[in-house]
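Q: heads up, no residue letters with this:
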């Protein structure tokens, strides 16, 4: 299509995504930098570059690029793409979280959710930030919202289960982790955590021998 003279930027961005899938991250970063030279300060290109740099571990560069993308989007906020702005806020929220800037992370993640309330990635990240701040009840509420919006996503159940474990509600934690395991039966991290909670339930919630009815075998 590009050879036929179509100068569509969305088509060029789609080509970069295909390069990423077929040739890898470094090739995709090189291609998107070339595009950015031809379309300077284009927020979609900047957002994609920030995501690639984040995945490549170049977090300081990713932060600068994402901040630039957000400035470009906010300059034309009236005509800006709400989904694109939510995407950039999510990137910045993740980067701030990893940098230990939890208040900044909460701001960006809440903005992402406000702009795009049906995407659960921001909910999962927000729940993790709240967990790190030891706001466990709020974190559990956020993960429950993620479950409501994406009932087939194992990570929502998994993260909720981990919070319930910290709250020492081992029975409900096991229920959540079992649902996560059913949705992702090959995920060893989920399986290991489920096994640990099952063991805790055996210790803390096993039926008392003293409560066995008279005449029933122990």
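A: It's in. This structure is a prediction, so every number in the text was calculated from the model and none was measured.

Q: switch to C-alpha atoms for all contacts and neighbour counts from now on
A: Will do.

Q: Which per-residue confidence value corresponds to the residue positioned nearest the centre of the chain?
A: Closest to where the C-alpha atoms of the chain average out (C-alpha atoms, centre = their mean) is residue 121, at 3.6 Å. According to the prediction, residue 121 has pLDDT 95.

Q: And for the one 10 residues further on?
A: Taken from the predicted model, the pLDDT recorded for residue 131 is 96.

Q: Figure out the helix or strand that residue 100 lives in.
A: Residue 100 belongs to no helix or strand when elements are defined using DSSP states H and E.

Q: so where's this protein shaky on pLDDT?
A: Of all residues in the chain, those with pLDDT under 70 make up the ranges 1-7, 76-80, 206-218.

Q: Buried residues, the strand or helix carrying residue 108. List them.
A: Counting by DSSP H and E, the element that carries residue 108 is helix 102-115. By neighbour count, with 16 or more other C-alpha atoms under 10 Å as the criterion, the buried positions of helix 102-115 are 102, 104-113, 115.

Q: Show me what the helix or strand harbouring residue 68 is packed up against.
A: With the criterion set as DSSP H and E, the secondary-structure element containing residue 68 is helix 59-75. Here helix 59-75 is seen to pack against helix 43-55, helix 82-98 when contacts are counted using 3 or more C-alpha pairs under 8 Å, 6 or more residues apart in numbering; DSSP states H and E.

Q: which residues are in contact with stretch 100-111?
A: Residues outside stretch 100-111 that contact it (C-alpha atoms under 8 Å, 6 or more residues apart in numbering): 86, 89-90, 92-97, 122-123, 125-126, 129, 133.

Q: For residue 18, the count of nearby residues, please.
A: A total of 13 residues lie near residue 18 under the criterion other C-alpha atoms under 10 Å.

Q: what about it, distance to residue 57?
A: Spatial separation of residue 18 from residue 57 under the definition C-alpha to C-alpha, to the nearest Å is 21 Å.

Q: Please tell me I have it right and residue 59 contacts residue 96.
A: No. Under the contact definition of C-alpha atoms under 8 Å, residue 59 does not touch residue 96, with a separation of 9.7 Å.

Q: follow-up on the earlier one: dump the helices and strands packed on helix 59-75 into a markdown table; add mean neighbour count and distance to residue 187 as well.
A: Rendered in a markdown table, the data for the helices and strands packed on helix 59-75 read as follows (neighbours: other C-alpha atoms under 10 Å; distance: least, C-alpha to C-alpha, whole Å):
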| stretch | mean neighbour count | distance to residue 187 |
| --- | --- | --- |
| helix 43-55 | 22 | 21 |
| helix 82-98 | 23 | 23 |
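
Q: residues making contact with stretch 134-152?
A: Contacting residues not belonging to stretch 134-152 are listed as 118-120, 123-124, 126-131, 153, 156-157, 159-160, 163-164, 167, 183 [C-alpha under 8 Å, 6+ apart].

Q: helices or strands next to the helix or strand that contains residue 192 in the packing?
A: For residue 192, the enclosing helix or strand under DSSP H and E is helix 188-204. Under the contact criterion of 3+ C-alpha pairs under 8 Å, 6+ apart, the helices and strands touching helix 188-204 comprise helix 170-183.

Q: buried ones in the helix it packs on?
A: Using 16+ other C-alpha under 10 Å as the burial criterion, the residues of helix 170-183 that qualify are 170-181, 183.
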